[in-house]
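A.B. asks: All I have is the shape, not the residue letters:
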């Protein structure tokens, strides 16, 4: 078998001699994920008299999106766009107090004024003699779902070391920005412990 070779090769035309790590590589990866989130309640010294916050329950939620990555040498840069839809089940009950007053007529002042004829005119008015207080409760939304939709934008940088004795190390540093896109449903707010429609 005879091998032919060039004594003075032109290295610029030999593509195989270029390192594959010297070029940019691009990746796209769609994803879908299940999210089990947990909320932290801070009432800022307010009393949850109607138990609004204790009647909120987190529901397993959904997230999906597309990650885009670019890699050169041993560095990899990742970003993308995604949607995170968090859900909570709410059972809000509004309590209102109604007070009913029982009154009767009573002489308040026998000599209230003197008429032009010189006779005394008495003042008769209503006086509260008893009252009843009734607490009325009504369901604002039984087993309702509140939705919080976010745009999610990740930023991450990864680095992988050179392989030595079949061992290589890698590390990454990144962050994720969540931007509230849309809300719907009923949800309590801590400003006055009331219920706002989202």
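C.D. replies: Yep, that arrived. All values reported here derive from a predicted model rather than from experimental measurement.
A.B. asks: after the helix or strand where residue 131 lies comes which helix or strand?
C.D. replies: If you go by DSSP states H and E, residue 131 is part of strand 120-160. Per DSSP H and E, the first helix or strand lying C-terminal to strand 120-160 is strand 170-184.
A.B. asks: Just after that following strand, pick out the following helix or strand.
C.D. replies: Downstream of strand 170-184, the next assigned helix or strand under DSSP H and E is strand 186-188.
A.B. asks: one step back: what's the angle from the strand holding residue 131 to strand 170-184?
C.D. replies: Strand 120-160 and strand 170-184 meet at an angle of 150 degrees, taking axes from the mean of the first three to the mean of the last three CA atoms, to 10 degrees as the criterion.
A.B. asks: Name every strand pairing with strand 120-160 and say which way it goes.
C.D. replies: strand 75-114 (antiparallel), strand 170-184 (antiparallel) (DSSP bridges).
A.B. asks: Any idea which of these gets closest to residue 58?
C.D. replies: strand 75-114 (5.7 Å; CB to CB). Where C-beta positions appear, they are placed from N, C-alpha and C, glycine not excepted.
A.B. asks: Report the distance from the strand holding residue 131 to the chain centre.
C.D. replies: Chain-centre distance of strand 120-160: 19 Å, with CA atoms, centre = their mean, to the nearest Å.
A.B. asks: and that strand, average pLDDT?
C.D. replies: Strand 120-160 shows a mean pLDDT of 85.
A.B. asks: and if you look at stretch 73-84?
C.D. replies: On average, stretch 73-84 scores 92.
A.B. asks: residue contacts, the most centrally placed residue in the chain?
C.D. replies: Centroid check for the chain by CA atoms, centre = their mean gives residue 148 as the closest residue, at 5.1 Å. Residues near residue 148 by CB atoms under 8 Å, 6 or more residues apart in numbering: 85-88, 180, 183.
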